[in-house]
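Visitor: Sequence below, structure please.
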Amino acid sequence: MSVDLETHYRAVTAHLTESLSDGSITWCRASSADELAVSLGGELSSAAPRSLFSADEESQYHLLRSGRGRTLVIGELSSWFVVLEPGDWIAVDALPRLSGAGEAVSLVIGDTLGHHHVHYARDGRQVCRFRWGAEPDGDASRLEHLLSGLSLTSGLPSLDEASRLPSLAAWKTHALILAERLTDVRLTVDWLNREHTRYFCRPFDSEPPRL
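Guide: This next block holds a predicted model:
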């Protein structure tokens, strides 16, 4: 594995620690951001340009009321759409449906409780799931050719000798590398810092006040 690629995603992981410490990232295909948002319960009337950092602050309003962020930030990355969800995992739950025309992958980030997952779906069904600290679920052999050098499961290189597990930061870094290998698109700090389209999902009481 390229050292430069690992260095790149270490920087992305560090950025996400500040901007998306709990939530999810989903890569999928769709005709438009609006179509994708509606399919996930997003309200088109709530659409507005927001950076991930700003949307994360807004999601706190919904988290306090419902325990869910109910906020989607959707942007284009080459031929893919990327859905960022501070404090939520709506697209993760819909991943098999989102993969109906091909493939979709989600990274669930749970820094607070140490829950980190990668879900992969293809042709309308979930194929496998990788979890930090556990063996994969499903048919991980389908992705064996993409796992070289990645510490997403026990028995692979770069494991901590004391715990036999990668650190959370290392695991997230390798999860992001796997997402790039699956999609052939590169997530960057610059892309994460840009404004994309933010939607709130039903039900929500009202739009949170501007901060």
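
Visitor: which residues sit in contact with residue 41?
Guide: 90, 201-202 (C-beta atoms under 8 Å, 6 or more residues apart in numbering). Backbone N, C-alpha and C define where each C-beta goes, glycine included.

Visitor: repeat that with 6 Å
Guide: 201-202 (C-beta atoms under 6 Å, 6 or more residues apart in numbering).

Visitor: hmm, who's touching stretch 174-193?
Guide: In contact with stretch 174-193 (C-beta under 6 Å, 6+ apart) are residues 9, 11-12, 15, 27, 52, 77-78, 80, 105, 107, 118, 146, 150-152.

Visitor: For PyMOL, write the selection for the buried entries among those.
Guide: Listed next is the PyMOL selection for buried residues among the contacts of stretch 174-193, using 16 or more other C-beta atoms under 10 Å:
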select buried, resi 9+12+15+27+52+80+105+107+118+150+151+152
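
Visitor: and the residue nearest the centre of the chain, what element?
Guide: Nearest to the mean C-alpha position of the chain, by C-alpha atoms, centre = their mean, lies residue 25 at 1.5 Å. Under the criterion of DSSP states H and E, residue 25 resides in strand 22-28.

Visitor: coming back round to it: what's the spacing between the residue nearest to the centre of the chain and residue 144?
Guide: 23 Å (C-beta to C-beta, to the nearest Å).

Visitor: separation between the residue nearest to the centre of the chain and residue 73?
Guide: Counting by C-beta to C-beta, the gap from residue 25 to residue 73 is 10 Å.

Visitor: which residues do these two both contact?
Guide: residue 84.

Visitor: The helix or strand bottoming out on mean pLDDT in the chain: which residues count as buried?
Guide: Lowest by mean pLDDT, DSSP states H and E among the helices and strands of the chain is helix 52-66, with a mean of 90. By neighbour count on 16+ other C-beta under 10 Å, the buried set for helix 52-66 is 52, 54-59, 61-63.

Visitor: Closest one of those to residue 170?
Guide: Taking C-beta to C-beta as the measure, residue 170 lies nearest residue 52 of the buried residues of helix 52-66, at 22.2 Å.

Visitor: what's the spacing between the closest one and residue 45?
Guide: 21 Å.

Visitor: repeat for residue 138
Guide: Counting by C-beta to C-beta, the separation of residue 138 from residue 45 is 38 Å.

Visitor: Of these two, which one has the most company?
Guide: Remark: of residue 138 and residue 45, residue 138 carries more neighbours, 16 against 9, as counted by other C-beta atoms under 10 Å.

Visitor: Now do the contacts for the more buried one.
Guide: By C-beta under 6 Å, 6+ apart, residue 138 lies in contact with 127-129.

Visitor: same check, this time on residue 85
Guide: With C-beta under 6 Å, 6+ apart, residue 85 has these contacts: 23-24.

Visitor: That one is in what secondary structure piece?
Guide: Per DSSP H and E: residue 85 is located in strand 80-86.

Visitor: Next, count neighbours for residue 13.
Guide: Residue 13: 19 neighbours (other C-beta under 10 Å).

Visitor: could you give the angle of the host helix or strand of it to strand 80-86?
Guide: Take DSSP H and E as the rule and residue 13 turns out to sit in helix 3-19. Relative orientation of helix 3-19 and strand 80-86, computed by axes from the mean of the first three to the mean of the last three C-alpha atoms, to 10 degrees: 40 degrees.
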